[in-house]
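Participant: build me a model:
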Amino acid sequence: MGAAREHGIIDALTAHEIPAADTAYQGAGPTVAVPQRRRRKDPDTGRYRKLSQNQKDVNTAHARRRGPGERANAELKNWPILRKIRSSPNTADKLIAAFQTLMIVSS
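Facilitator: Numbering: from 1, shown residues only. All right, here's what the predicted structure looks like:
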């Protein structure tokens with residue numbers, strides 16, 4: 001979260017109203033969806049309180065929103081061409097972004 005704030009990612013998402021979903025961005029603002037966390041421990045039983053069905057549904061929707069991006073990132077790791085890329089590093093990000101877009105759209 002600190003790196004995202006330092007590099008202006010959170011501000012850019014908010015300024016352009018780009019929806020995002022990530023579990024690490026707790027407190028990032030209204031454009032970044034985060035899952036519901038388990039409730040605090042019940043002082044009487046010492047166990048965590050269970051999430052309501054509505055909170056579980058929110059977490060399911062959150063996972064569906066993040067899933068395609070996570071799969072594209074996992075697939076990128078298996079591409080040997082990216083390990084031995086010979087083009088300019090300044091253009092490698094465009095290649096990776098294009099690949100991720102194609103993976104997300106095709107899923």
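Participant: which residues of this protein fall in strands?
Facilitator: Assigned by DSSP state E, the chain shows strands spanning 20-21, 32-33.
Participant: and stretch 62-76, how far out from the chain's middle?
Facilitator: Here the centre of stretch 62-76 is set off from its chain's centre by 8 Å, with CA atoms, centre = their mean, to the nearest Å.
Participant: ok so, going back, quick one: closest of the strands of the chain to I85.
Facilitator: Each of the strands of the chain has some distance to I85 by CB to CB; the shortest is strand 20-21, at 26.4 Å. C-betas here are computed from N, CA, C, even on glycine.
Participant: what is the mean pLDDT for the closest one?
Facilitator: Mean pLDDT, strand 20-21: 70.
Participant: what residues does stretch 73-87 touch?
Facilitator: With CB atoms under 8 Å, 6 or more residues apart in numbering as the test, stretch 73-87 has contacts from A92, L95, I96, F99, Q100, M103.
Participant: filter those to the buried ones?
Facilitator: I96, F99, Q100, M103 (16 or more other CB atoms under 10 Å).
Participant: want to try a markdown table for those, with distance to L76 and pLDDT as columns?
Facilitator: Putting the buried ones among the contacts of stretch 73-87 into a markdown table (distance: CB to CB, whole Å; pLDDT from 0 to 100) gives the following:
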| residue | distance to L76 | pLDDT |
| --- | --- | --- |
| I96 | 7 | 78 |
| F99 | 7 | 78 |
| Q100 | 7 | 78 |
| M103 | 8 | 76 |
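Participant: pLDDT below threshold where in this structure?
Facilitator: Across the chain, the ranges flagged by pLDDT under 70 are 21-24, 81, 107.
Participant: quick one: furthest residue from the center of it?
Facilitator: D44 (35.4 Å; CA atoms, centre = their mean).
Participant: flag every buried residue along the longest helix seen in the chain.
Facilitator: Assignment by DSSP state H gives helix 53-76 as the longest helix of the chain. For helix 53-76, a neighbour-count test (16+ other CB under 10 Å) marks V58, N59, H62, R66, G69, A72 as buried.
Participant: quick one: the last one from A97, how far?
Facilitator: With distances taken as CB to CB, to the nearest Å, A72 is found 10 Å from A97.
Participant: do the same with the fifth one
Facilitator: Using CB to CB, G69 is found at 12 Å from A97.
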